[in-house]
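**Q** structure, please.
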Amino acid sequence: MSTELTIAAWGAVLLLVHIFAAAHFKTRQYGSKWNMGARDESLPPLEPVAGRMVRAQANYQETFPIAIVALLGVVLAGRSTDMTILGGWIWLGARVVYLPLYGFGVPLIRSFAFMLSLVGLVLVLWPLLGG
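**A** Presented below is the predicted three-dimensional model:
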């Protein structure tokens, strides 16, 4: 199996981590009855950490499809290189670091991690764009 597909698979695992981390903090705030219920009731705003985890999940869900297209694309197009592999690992590593930084409310370094993940994506996408 290609390295890019392995990175995409770990990216899917990271999505599960995002989902369960956000759900954990929401359940801590709203209770297990809410978690197991229909969730139809109006709720108070999320506490800061829970809110950050939900926003981190949304951010990841916005960018993960781009990573999937890039990682699968270079494999399907036969354009996998050492640079696409490096870019994929940079993307994944930066996204792994991003979640706790966002959860703990670390502003500047979190933004740097996000930008680094975009650099990784560009390295993967470049061969698909004719680079």
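**Q** residues in contact with Gln29?
**A** Gln29 is in contact with 46-47, 50, counting by Cβ atoms under 8 Å, 6 or more residues apart in numbering. For every residue, glycine as well, the C-beta is placed using N, CA and C.
**Q** generate CSV for the residues you listed, with distance to Ala8 as supplementary columns.
**A** Below are the contacts of Gln29 laid out as CSV (distance: Cβ to Cβ, whole Å):
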residue, distance to Ala8
Leu46, 30
Glu47, 33
Ala50, 28
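**Q** give me the buried subset of the residues you listed.
**A** Buried members of the contacts of Gln29, scored by 16 or more other Cβ atoms under 10 Å, are 46, 50.
**Q** nearest to Ile19, of the contacts of Gln29?
**A** Using Cβ to Cβ, Ala50 is the member of the contacts of Gln29 that lies nearest Ile19, at 13.4 Å.
**Q** which element follows the helix or strand harbouring that closest one toward the C-terminus?
**A** With elements taken from DSSP states H and E, the one containing Ala50 is helix 48-76. As assigned by DSSP H and E, the chain's next helix or strand after helix 48-76 is helix 82-103.
**Q** tell me which residues in that following helix are buried?
**A** 84-85, 87-95, 97-99, 101-103.
**Q** now do the helix holding Ala50 against helix 82-103, angle only.
**A** 170 degrees (axes from the mean of the first three to the mean of the last three Cα atoms, to 10 degrees).
**Q** tell me which residues of helix 48-76 are tucked away?
**A** Under 16+ other Cβ under 10 Å, the buried positions of helix 48-76 are 49-50, 52-54, 56-57, 59-60, 63-64, 67, 70-71, 73-75.
**Q** where in the chain is pLDDT low?
**A** Where the chain drops to pLDDT under 70, the residues are 131.
**Q** in it, which residue is closest to the centre?
**A** The centroid of the chain falls nearest to Tyr60 when counting by Cα atoms, centre = their mean (3.3 Å).
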